[in-house]
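Enquirer: please find the sequence and the predicted model below.
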Amino acid sequence: METEVTQTFLNLKTVLIGAGGFAALATLGLFAVALFLRKVVPTNEVHIVQSAKRTTSFGKDLGNGNTYYAWPSWVPVIGVTMVRLPTSVFDLDLDGYEAYDQGRLPFNVDVKAFFRIADPNVAAQRVASFAELMGQLKAIVQGAVRVILASNDIEAILQGRATFGEQFTREVAEQLAHWGVCTVKNIELMDIRDSANNSVIKNIMEKKKSHIEMESRTEVAKNKRTAEIAEIEARREVDLQKQQVNQAVGLRTIEAEQAVALQKEAALQIVTDQQKTTKQKEMEVLSVQEVRGAEIEKNTQVIKAQQAKETAILAAEAQKETAILTAEGKLQAKERESKGIALEGQAHAEAEKALQLAPVQAQITLAKEIGDNKGYQDYLVTIRRIEAEQAVGVKQAEALGHADVKVIANSGNAPAGLNSVMDVFSSKGGTALGSTLEGLANTPTGKAVLNALGVETPVEATPAPKTKANGKLLNGNGSHA
């Protein structure tokens, strides 16, 4: 097809070139239209193109390629018509299709079928479009369903859906071949139900239910009866077995009791004989025990005497060693005690000596330091003088605070006069004052003054004769004049 189109374009080009520039423009226009009309077939479709001379199928794996030029059918020579059909599987549904059984009982069915295009050329010859093909396929399926269901009873249809699906598929296979179509799988009878204002299937179902219920109840009754009979037989067999067991047990019990009694007698005789033998052996054992006991007692006494002797010897030696150790211990203790007392006294004496020498040593060290340091000696003397004058000043101030003294200063200034008054409270002033009073007391006028002041004067004593002793003048009492 492409070769013919290309050749046609070449022929047109040759004609148009001779016509001039207008022909060239026309040629370009035709090429543009050709590009616009170029079709590419999708992978899931087949395009059946009908030209003036032949029919060609374009699509995947068809041998003619996947592209073509869809020239309009009115274009001479190169004009084509095209039918588009799918290559993938497509389905067809008959929903609620009304059918009849062999007895003309109406009902509705749902049928589903799967198809594919087996021969696109044949399909394109039969229909002009895919929609028309679907309509034809639906009519074929409806006819097959109607024919097959009308030749069977409704109850058989209800029980054999899979079987009828196979029959539908065989029925339509020959017709589908004439349309270039084939089935992908068996046509399925999806559902069967009553049509409007009809209850045939419902009644059939009710009958089936009642029949099933009847069979169920009958089967249950049979099972119950069989079970009761089995229980009775089982109880009878159990009772018989119990009686047989009790009888066997009774016989076995009597035999067992007799055997036990015989065994008891035999065992008692054996026990008596054994007791006799045991008693004899016990007597022999007692005799042997007494003899052995006497020997053991004798050996025990001998061992005890030997042990007592050895114990006394060991005790005496131990006592002797203890006394020696005690005496030595006391001697060592006394020696250590005397040494301890001597050491303690020596330590005490040395400690006492150290205590007594400590202040002396300190004074000696201080005196040595003071004696070698003239400046430090002057410093100490000055400190002591200041402390003494401070104390005297404090006491003088306290005395003046309590005394009613008037000071008349005859000196040149007040401080000098005050210093003279302070001399009264010094040792120098006291000595001078005493001398003054004693002088006043030795004169009649002074004595009168002192008496007026309330000061008692001593009575004048008769002077004792003075004598010489060893060239020295002595008073009457032996003192020096």
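Expert: Received it, and whenever you're ready, just let me know what you need.

Enquirer: what about the closest residue to Leu62 other than its chain neighbours, distance to Met283?
Expert: Closest residue in space to Leu62, ignoring its immediate chain neighbours: Val46 at 6.7 Å, by CB to CB, 6 or more residues apart in numbering. No exception for glycine: its C-beta is placed from N, CA and C like everyone else's. Distance, Val46 to Met283, by CB to CB, to the nearest Å: 130 Å.

Enquirer: who has more neighbours out of these two?
Expert: Val46 (22 against 10; other CB atoms under 10 Å).

Enquirer: shouldn't the more buried one be within a helix?
Expert: No - using DSSP: H, G, I helix; E, B strand; the rest coil, the assignment for Val46 is strand, not a helix.

Enquirer: and it, what does it touch?
Expert: 57-59, 62, 84-87, 117, 120 (CB atoms under 8 Å, 6 or more residues apart in numbering).

Enquirer: what pairs with it across the strands?
Expert: Beta-bridge pairing for Val46 (DSSP bridges): Gly59, Leu85.

Enquirer: what sits against Ile140?
Expert: 172, 175-176, 179.

Enquirer: looking at the residues you listed, state which has the most neighbours.
Expert: Val172 (23 neighbours).

Enquirer: where exactly do the helices run in the stretch 301-450 of the chain?
Expert: 374-402, 414-423, 427-441, 444-452 (DSSP state H, counting those that start in this stretch).

Enquirer: quick one, phi psi at the spatially most central residue of the chain?
Expert: For the chain, the residue nearest the mean C-alpha position is Met190 (60.2 Å; CA atoms, centre = their mean). The phi/psi pair for Met190 (degrees, to the nearest 10) reads phi -80, psi -40.

Enquirer: what's the local residue count around the residue lying closest to it once chain neighbours are set aside?
Expert: Of all residues not flanking Met190 in the chain, Asp110 sits nearest, at 4.1 Å (CB to CB, 6+ apart). By other CB under 10 Å, 15 other residues sit near Asp110.

Enquirer: just the pLDDT for Asp110.
Expert: Turning to Asp110, the model gives it a pLDDT of 90.

Enquirer: looks to me like it is in a strand.
Expert: Yes - read with three-state DSSP, Asp110 is one of the residues of a strand.

Enquirer: thinking again about what came up before, confidence-wise, which of the helices of the stretch 301-450 of the chain is weakest overall?
Expert: Across these, helix 414-423 gives the lowest mean pLDDT, at a mean of 54.

Enquirer: list just the nearest of the contacts of Val46 to Glu335.
Expert: Thr87 (137.6 Å; CB to CB).

Enquirer: quick one: contacts for that closest one?
Expert: Taking CB under 8 Å, 6+ apart as the test, what Thr87 contacts is 43-46, 59-60, 116-117, 120.

Enquirer: can we see that at 7 Å?
Expert: Residues counted as contacts of Thr87 (CB atoms under 7 Å, 6 or more residues apart in numbering) are 44-46, 59-60, 117.

Enquirer: distance check, Gln110 against Val200.
Expert: Gln isn't right for residue 110; it's Asp. 17 Å.

Enquirer: er, Ala248 I mean
Expert: Counting by CB to CB - Ala248 and Val200 are separated by 70 Å.

Enquirer: likewise for Glu215?
Expert: For Glu215, the distance to Val200 - CB to CB - is 22 Å.

Enquirer: looking at the two, which one has more neighbours?
Expert: Val200 (15 against 10).

Enquirer: what sits closest to the more buried one if chain neighbours are left out?
Expert: Going by CB to CB, 6+ apart, Val200 has Leu105 as its nearest residue, at 4.8 Å.

Enquirer: could I get the pLDDT score of that neighbour?
Expert: pLDDT, Leu105: 84.

Enquirer: correct me if wrong: Phe168 contacts Ile148.
Expert: Yes - with contacts counted by CB atoms under 7 Å, Phe168 reaches Ile148, the gap being 6.3 Å.

Enquirer: which of the two has more residues huddled nearby?
Expert: A direct count of neighbours by other CB under 10 Å for Phe168 and Ile148 places Phe168 higher, at 23 against 18.

Enquirer: now the more buried one: how far from Thr300?
Expert: 124 Å.

Enquirer: then Val184?
Expert: Counting by CB to CB, the gap from Val184 to Thr300 is 120 Å.

Enquirer: what's the answer for Glu132, then?
Expert: For Glu132, the distance to Thr300 - CB to CB - is 139 Å.

Enquirer: likewise for Gln247?
Expert: For Gln247, the distance to Thr300 - CB to CB - is 73 Å.

Enquirer: before we move on, what about Pro72?
Expert: Pro72 is 150 Å from Thr300, by CB to CB.

Enquirer: tell me the SS of Val83?
Expert: strand.

Enquirer: so it sits against Ala128, correct?
Expert: Yes - look at Val83 against Ala128 with CB under 7 Å: they come within range, at 6.4 Å.

Enquirer: more neighbours: which of the two?
Expert: Val83 (23 against 11).

Enquirer: who's in contact with the more buried one?
Expert: Contacts of Val83 by CB under 7 Å, 6+ apart are 48, 124, 128-129.

Enquirer: would you turn those residues into TSV with distance to Ala234, pLDDT and secondary structure?
Expert: Converted to TSV, those look like this (distance: CB to CB, whole Å; pLDDT from 0 to 100; DSSP: H, G, I helix; E, B strand; the rest coil):
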residue	distance to Ala234	pLDDT	secondary structure
Ile48	82	76	strand
Ala124	81	79	helix
Ala128	82	78	coil
Ser129	79	81	coil
